[in-house]
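Colleague: Give me the fold of what follows.
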Amino acid sequence: MLLVTNYSTSEGFIQMTEVDGGNFFDTVDCTGFTLNTFVDTNGNDIRDEDEALFPYGDLNYSVNSGNEVALNNDSGSYYIFDENENNSYDFEYILDDTFIDYFSLETPSIQNQFITQGEITNFDIPIDIITPLTNVSIHITPVNSPNPGFDTEQLITLKNLGTSQIDNGTITYTFDPLTTFVSSTDPSTTQLDNTLTIPFTDLAPFETRYINIVLNTNAPPEVNIDNVLTFSASISAGDINDIYLDDNTSEIDVVVIGSFDPNDKLESHGGTIAYESFTTDDFLFYTIRFQNTGTASAQNVEIKDFLTDEHDASSIVMISASHNYQLKIDDQDLEWDFRNINLPDSTNDEPNSHGFVSFKIKSTAGYNINTVFENTAEIYFDFNLPIITNTVVTSLASGLSIEELENAIVRFHPNPTNGIVNITSKSVLKHIEVTNILGQILLSQSLNTLETKIDLQSFVAGNYFISLQTDNGSIIKRVIKN
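Modeller: Model (predicted):
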């Protein structure tokens with residue numbers, strides 16, 4: 001065993017030589033580039049210790065003016081290893097569309113850079129703040145699928161995508177009533193019926209937090225294989241002016257399984273999307289899960305995903321991952337590199353032998369009622385042959401019931417509620433009215449928005465009806481106040 005620690009600030013390589021003959025037989029090479037994107041808060045173009053890395057964009061590069069490849073991760077620090085000194089690299093950093101009005105790059109491109117053998121060449125790319133922004137997001141990832149009678153785990157990912165600290169806020173998580181709450185890794189979690197309330201404080205700029213929720217799935221005959229269970233989460237943070245409200249809520253439909261392959265892929269719509277409500281601005285939400293079921297730790301894990309033409313690779317947005325990664329996007333081919341993950345095997349450490357990636361992606365234009373979105377992944381553990389996941393199929397469907405169609409166009413959550421009801425719509429909301437079971441009008445308000453919320457905290461427990469007038473017609477929804 002060879003243990004090497006580098007206490008310097010310089011990179012290099014390790015050369016190992018046979019003692020008896022003095023012949024070189026192996027080299028652990030560290031030759032290539034590292035690039036770091038950071039928020040240059042003081043404008044000096046130098047990355048200072050207190051300046052955070054900026055991960056919300058893609059680092060594009062080409063070799064010898066060839067095909068352009070994109071790198072993406074959740075840290076803002078990128079690496080490329082190459083030993084060929086004749087290769088010339090061009091780099092360009094592209095901000096995500098959400099942030100182009102709030103950040104700028106004085107020098108977005110670095111041209112004609114050559115490899116220096118035995119060295120890592122580093123570039124720090126400063127990003128300037130044009131105007132401060134506030135943006136928080138939430139997402140649910142199913143760490144494993146529900147199995148009748150057994151526990152299932154879900155991961156809530158909370159992100160501050162803005163430039164200011166969020167002093168306080170609340171996560172509201174609603175689990176399917178056919179499951180039972182077991183535990184949360186956040187000790188401040190409180191429960192009322194099938195709703196969890198999780199307060200948070202001091203969420204720093206660009207900070208990500210994770211909360212693991214464990215639920216027990218009811219046994220048959222209440223829950224059976226192929227049933228679909230629904231889970232949702234929303235985030236509120238006072239009166240902040242969030243620039244992008246679509247990511248303030250997350251909802252997933254998960255199919256109940258029996259025995260299963262731990263290396264699999266799923267999409268959050270549960271197999272069907274309402275054609276009438278689907279547009280090219282909507283996302284498909286994919287999760288690829290993997291487990292090391294071998295007999296020793298896996299030093300490296302790699303996932304390859306070859307997107308079909310129905311997916312728009314340029315729109316991909318990473319949501320979360322179980323471990324540090326780097327994503328390489330080459331046309332329609334995706335490749336996640338979990339370098340030095342050292343994933344334990346399931347025999348010696350089952351709880352830590354799992355991993356996942358979760359991302360969202362838009363469809364290409366030209367879809368129709370017959371369009372089917374299919375996706376399969378390949379998972380590589382070190383030098384073993386790949387494990388091929390299931391092919392997850394998501395279809396567009398028409399002829400939905402009135403209730404299903406209304407739910408696809410307008411979302412009410414949580415329902416039941418302890419007080420606040422969040423309403424999001426794909427049609428502009430023009431007017432809202434709340435009545436009780438006697439038909440008495442308790443609230444009436446004109447609107448001109450795609451999102452709103454109503455406060456029922458002062459109302460007594462019971463059933464209420466929310467009437468909405470939209471650009472495309474009227475919808476009435478029954479809401480239960482706990």
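Colleague: what's the spacing between Ser277 and Lys426?
Modeller: Distance from Ser277 to Lys426, counting by CB to CB, to the nearest Å: 6 Å. Glycine gets a C-beta too; all of them are placed from N, C-alpha and C.
Colleague: how about the nearest residue to Leu215, chain neighbours excluded?
Modeller: Using CB to CB, 6 or more residues apart in numbering and skipping the chain neighbours, the partner closest in space to Leu215 is Thr179 (4.2 Å).
Colleague: Which pLDDT does the model give that neighbour?
Modeller: pLDDT for Thr179: 95.
Colleague: do the same with Phe13
Modeller: Reported pLDDT for Phe13: 47.
Colleague: One more: Gly399?
Modeller: At Gly399, pLDDT is 53.
Colleague: before we move on, the earlier item: burial count for the residue nearest to Leu215?
Modeller: When neighbours are counted by other CB atoms under 10 Å, Thr179 registers 23.
Colleague: Tell me which stretches of this structure form helices.
Modeller: 346-349, 402-409 (DSSP state H).
Colleague: where does this structure have its least confident helix or strand?
Modeller: Across the helices and strands of the chain, mean pLDDT, DSSP states H and E gives its lowest value to strand 24-28, namely a mean of 37.
Colleague: got the contact list for Asn463?
Modeller: Contacts of Asn463 were listed using CB atoms under 8 Å, 6 or more residues apart in numbering, and they are Asn436, Ile437, Arg478, Val479, Ile480, Lys481.
Colleague: Then Asn212?
Modeller: Shown in contact with Asn212 (CB under 8 Å, 6+ apart): Val143, Glu153, Gln154, Leu155, Ile156, Ser184, Thr185.
Colleague: For those residues, which PyMOL command selects only the ones that are buried?
Modeller: Here is the PyMOL selection string for the buried members of those, based on 16 or more other CB atoms under 10 Å:
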select buried, resi 143+153+154+155+156+184
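Colleague: For the chain, which strand extends over the most residues?
Modeller: In the chain, ranked by residue count with DSSP state E as the criterion, the top strand is strand 420-436.
Colleague: Could you spell out the sheet neighbours of that strand, each with its direction?
Modeller: With DSSP bridges as the test, strand 420-436 is paired with strand 410-413 (antiparallel), strand 441-455 (antiparallel), strand 462-470 (antiparallel).
Colleague: follow-up on the earlier one: what's the least confident stretch among the helices of the chain?
Modeller: With a mean of 54, helix 402-409 has the lowest mean pLDDT of the helices of the chain.
Colleague: All the strands of the stretch 201-350 of the chain, residue numbers only.
Modeller: 208-217, 228-236, 249-255, 264-267, 272-274, 283-291, 301-306, 311-321, 326-330, 333-338 (DSSP state E, counting those that start in this stretch).
Colleague: angle of the longest strand of the chain against strand 249-255?
Modeller: Using axes from the mean of the first three to the mean of the last three CA atoms, to 10 degrees, one finds that strand 420-436 and strand 249-255 are set 90 degrees apart in direction.
Colleague: buried residues in strand 420-436?
Modeller: Ile420, Val421, Asn422, Ile423, Thr424, Ser425, Lys426, Ser427, Leu429, Ile432, Val434, Thr435.
Colleague: which other residues reach stretch 333-353?
Modeller: 262, 291-307, 313, 316, 321, 323-329, 355, 357, 381.
Colleague: Quick one: end-to-end length of it, please.
Modeller: 26 Å (CA to CA, to the nearest Å).
Colleague: quick revisit: do you know which of the strands paired with strand 420-436 lies nearest Asp128?
Modeller: strand 441-455 (30.4 Å; CB to CB).
Colleague: That closest one vs strand 228-236, what angle?
Modeller: In terms of direction (the same axes, to 10 degrees), strand 441-455 departs from strand 228-236 by 80 degrees.
Colleague: Which of the residues in strand 441-455 are classified as buried?
Modeller: Buried, per 16+ other CB under 10 Å, within strand 441-455: Leu447, Leu450, Glu451, Ile454.
Colleague: Between all of the buried residues of strand 420-436, which two are separated the most?
Modeller: Lys426 and Thr435 (24.1 Å).
Colleague: who does Ser88 bridge with?
Modeller: Ser88 has these beta-bridge partners by DSSP bridges: Phe114.
Colleague: Hmm, it is touching Phe114, no?
Modeller: Yes: Ser88 is in contact with Phe114 according to CB atoms under 8 Å; the separation is 5.7 Å.
Colleague: These two: which has the busier surroundings?
Modeller: Set Ser88 next to Phe114 and count neighbours by other CB under 10 Å: Ser88 wins out with 16 against 12.
Colleague: now that one: how far from Ala70?
Modeller: 18 Å.
Colleague: likewise Arg339?
Modeller: Taking CB to CB, one finds Arg339 at 18 Å from Ala70.
Colleague: Pick out whichever of the two has more residues nearby.
Modeller: With neighbours defined as other CB under 10 Å, Arg339 and Ala70 compare such that Ala70 has more, 20 against 14.
Colleague: Cool, thanks, talk later.
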